[in-house]
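Student: Sequence first, predicted coordinates after that:
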Amino acid sequence: MNDAALSRIIVENESDWLRVQSNVEQSMTRSMEVRLSSLPGGKDGSAAKAARGEVQARLAKIRESMFEMSKPNLRVNGHNYENFVNATEPFDEILDRRVKAMDDERLKWETDVADRRKKRPVEIHQLEDDIEERSTWAMWLPEGEDEDTGPKKKAEDIPPPPRHAEVVETFNTLASNLAELASSAPAQLARAQRAKAVQEEINNMGP
C-alpha cells in the first residue's frame, strides 16, 4: 500500500459517506434558518424570504465544492473514492474480509474435528479397558468370601476398584464431548460448506 492510500480516511461502505454528507447538509440548513430568523420579521419575514434563495444557492455550491475536495482523501470499500463511483464491478473489501474469516473458521473446525476423531478412539479404548478391569475385579470376592462360614460382606461394604473416580470422570467427560460433537457436527459442516461455496464463487468471478 502506497503513502497516498495510507493517508486516506477509510470508509467501509459508501452509504456511510452519503450519511455524513446528509448530516452536513442538514446542519448547514439549520444554521441558515437560525441566521434568517435573526433578520427583521423572523425567518418567515420579507427580509428572510428575499435572502433565502441566494443563501441556499451559495450553500449548495459550498457543499458541492467541499465534498468534491474531500474525494482525494477518502478510500471507500477498498477503492480511492474518486474512482469508486465509476467502477462497474468494484472489489468488495468487506466481503473479502468476511470470506477470509469464514475460511479461517472452516479450517479451524475441520482441524478440531480431525483432532477429535484421532483422540476419541483412544479415549474410548482406554475407557473400555478400565470398565473391563473393573468388571473383572468385581467378579472376584476377597479370599474366603465364597465360603458359608462367617458373615459375608455386602456390596456397599466392598471398596471401589482402583482408579474408580478417574474412570467415572473420564466416562462423564467422554459422554459430554460425544454429545457435543454429535449436536454441533452438522452445523459445523454446513458452515464449512457455505464458506467453501462462497470462496469458489468469488474465485470464479471475473476481474
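Tutor: Structure received.

Student: separation between residue 58 and residue 26?
Tutor: In this structure, residue 58 and residue 26 are 17 Å apart, going by CB to CB, to the nearest Å. Bear in mind the C-beta positions are built from the backbone N, C-alpha and C, glycine included.

Student: same question, residue 10
Tutor: From residue 10 to residue 26 the distance is 24 Å (CB to CB).

Student: what's the helix or strand for residue 127?
Tutor: Counting by DSSP states H and E, the element that carries residue 127 is helix 93-139.

Student: Mind giving me the packing neighbours of that helix?
Tutor: Counting contacts by 3 or more CB pairs under 8 Å, 6 or more residues apart in numbering; DSSP states H and E, the secondary-structure elements packed against helix 93-139 are helix 164-204.

Student: chain center to the helix it packs on, what's the gap?
Tutor: For helix 164-204, the distance between its averaged C-alpha position and the chain's averaged C-alpha position is 18 Å (CA atoms, centre = their mean, to the nearest Å).

Student: quick one: the residue nearest the centre of the chain and residue 199, what's the gap?
Tutor: Centroid-nearest residue in the chain, with CA atoms, centre = their mean: residue 101, separated by 7.8 Å. When distances are taken as CB to CB, residue 101 and residue 199 turn out to be 11 Å apart.

Student: try residue 192
Tutor: Residue 192 is 11 Å from residue 199, where distance means CB to CB.

Student: One more: residue 61?
Tutor: Using CB to CB, residue 61 is found at 47 Å from residue 199.

Student: What of residue 188?
Tutor: 17 Å.

Student: what does residue 117 give?
Tutor: As for residue 117, its distance to residue 199 is 24 Å (criterion: CB to CB).

Student: how does the protein divide into domains?
Tutor: Domain assignment for the chain, taken from automatic domain parsing, gives 3-84, 93-143+152-204.

Student: I'd like the distance from the first one to the chain centre, please.
Tutor: Think domain 3-84. Domain 3-84 sits 35 Å away from the centroid of its parent chain (CA atoms, centre = their mean).

Student: got any ranges where this structure has weak pLDDT?
Tutor: Filtered on pLDDT under 70, the chain yields the residue ranges 1-6, 84-96, 137-164, 198, 201-207.

Student: ok, residue 81 - contacts?
Tutor: The contact partners of residue 81, by CB atoms under 8 Å, 6 or more residues apart in numbering, come to 11, 17, 71-72, 74-75.

Student: ok, residue 64 - contacts?
Tutor: Counted by CB under 8 Å, 6+ apart, residue 64 has zero contacts.

Student: C-terminal to the host helix or strand of it, what's the next element?
Tutor: When secondary structure is defined using DSSP H and E, the element that contains residue 64 is helix 46-70. Toward the C-terminus, helix 46-70 is succeeded by strand 74-76 as the next helix or strand (DSSP H and E).

Student: That next one pairs with which strands, parallel or anti?
Tutor: strand 9-11 (parallel), strand 79-80 (antiparallel) (DSSP bridges).
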